[in-house]
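**Q** This is a predicted model, with the sequence first.
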Amino acid sequence: MEQNYKNRWFGFTLAIIGAFLGIGLNAVIFFTQYDAMIAAQLAQYPLRTNWKIIKYLLPIWASLGFVGGFLYIFGLYGFVTERSYAYKISMIANVFALQFSFWPIIPAMDTGMTPYYALIFLPNALIYLLLNFLVGKKNFGRIILGLMTGMALVMSVINGTASLNIFWMKGELFYIIANPLHWSAGICFALITIGVMLSPKKWVRILAMCATILEMGVGIPMGIITTIEKGEFSMYLAAPAMSLIILLIVVIPYLWDKIVKPENLPRE
């Protein structure tokens, strides 16, 4: 069967590591840190609703991390049996792993706890580079663009989670509307990241235009409001800023061609 990747045994090794992190280590961290993270938030912020975010969202994040781990198993099976989908499935697993291991780092560091989820996130960041450089054989520009869309994914989801927390604390309707919009943009950025690495066709650019405009439309007002309230630069502006850069890349043909190099893509 024709393969769209190289170094299958190296890919197999990366997939094994990813599966262990997504299933084994994820389970250990969740079951040992879940109650501790809730208690730490209650102790440091007794009048806030931060603990509710941990209580209700961390199990979902951990579960989706397990999905990433099982996708890695599917990928490693593909590498062993020389299936054409092996690299693609492993790439999708990596997107799951990166997204759902990053956010839990923030509340842990906020309360002075050891950010154990970094033990999943940082190796998966390295897997992203090795998988795409050495197995998928993608060019440098596509890998960097994938990193940028991945960062936009993470930051959009963080903005959505923060919106939900602010709504629970203040009851302002803007934030309950902003919450699903940020998360919707995040889902789009996940698809864009996968699309950039696996099949950077026209739909990727169209979806990127929609997702970046959506995130800027919701994120800029949220960032301005929180900047005024806190009297300092709001980190909620990071996602709109990254969205603007991505938007320029996908709408300017010269930048898209130079970064993605579509002339080097195989015809399907």
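**A** Yes, it's here. Numbering: from 1, shown residues only.

**Q** Where does F189 fall, secondary structure wise?
**A** Per DSSP states H and E: F189 is located in helix 173-198.

**Q** helix or strand right after that helix?
**A** helix 202-230.

**Q** hmm, back to that, okay, buried residues for the helix holding F189 please.
**A** 175, 178-179, 181-186, 188-198 (16 or more other Cβ atoms under 10 Å). For the C-beta atoms, the positions are set from N, CA and C on the backbone; glycine is no exception.

**Q** roughly how far is it from the heart of the chain?
**A** 10 Å (Cα atoms, centre = their mean, to the nearest Å).

**Q** relative orientation of that helix and helix 202-230 in degrees?
**A** Interaxial angle, helix 173-198 versus helix 202-230 (axes from the mean of the first three to the mean of the last three Cα atoms, to 10 degrees): 140 degrees.

**Q** So for helix 173-198, mean pLDDT?
**A** Per-residue pLDDT over helix 173-198 has a mean of 92.

**Q** same thing with stretch 104-114?
**A** On average, stretch 104-114 scores 92.

**Q** Let me know how buried the residue lying closest to M148 once chain neighbours are set aside is, in neighbour terms.
**A** Leaving aside its sequence neighbours, M148 sits nearest to I246 (Cβ to Cβ, 6 or more residues apart in numbering; 5.8 Å). By other Cβ atoms under 10 Å, 22 other residues sit near I246.

**Q** give the contact list for I246.
**A** Shown in contact with I246 (Cβ atoms under 8 Å, 6 or more residues apart in numbering): 145, 148-149, 152, 192, 208, 212.

**Q** Please save the CA atoms from stretch 175-194 in PDB.
**A** What follows is stretch 175-194, C-alpha atoms only, in PDB (Å, rounded to 0.1, in the frame of the first residue of the first chain):
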ATOM      1  CA  TYR A 175     -19.700  36.200  28.400                       C
ATOM      2  CA  ILE A 176     -22.200  33.400  28.200                       C
ATOM      3  CA  ILE A 177     -22.500  34.300  24.400                       C
ATOM      4  CA  ALA A 178     -18.700  34.600  24.100                       C
ATOM      5  CA  ASN A 179     -18.100  31.200  25.600                       C
ATOM      6  CA  PRO A 180     -19.500  29.000  22.800                       C
ATOM      7  CA  LEU A 181     -18.200  31.400  20.200                       C
ATOM      8  CA  HIS A 182     -14.700  31.100  21.400                       C
ATOM      9  CA  TRP A 183     -15.000  27.300  21.700                       C
ATOM     10  CA  SER A 184     -16.500  27.200  18.200                       C
ATOM     11  CA  ALA A 185     -13.500  29.100  16.900                       C
ATOM     12  CA  GLY A 186     -11.200  26.700  18.800                       C
ATOM     13  CA  ILE A 187     -12.800  23.700  17.100                       C
ATOM     14  CA  CYS A 188     -12.300  25.400  13.700                       C
ATOM     15  CA  PHE A 189      -8.700  26.000  14.500                       C
ATOM     16  CA  ALA A 190      -8.300  22.300  15.400                       C
ATOM     17  CA  LEU A 191      -9.600  21.400  12.000                       C
ATOM     18  CA  ILE A 192      -7.400  24.000  10.300                       C
ATOM     19  CA  THR A 193      -4.300  22.700  12.100                       C
ATOM     20  CA  ILE A 194      -5.000  19.200  10.900                       C
END
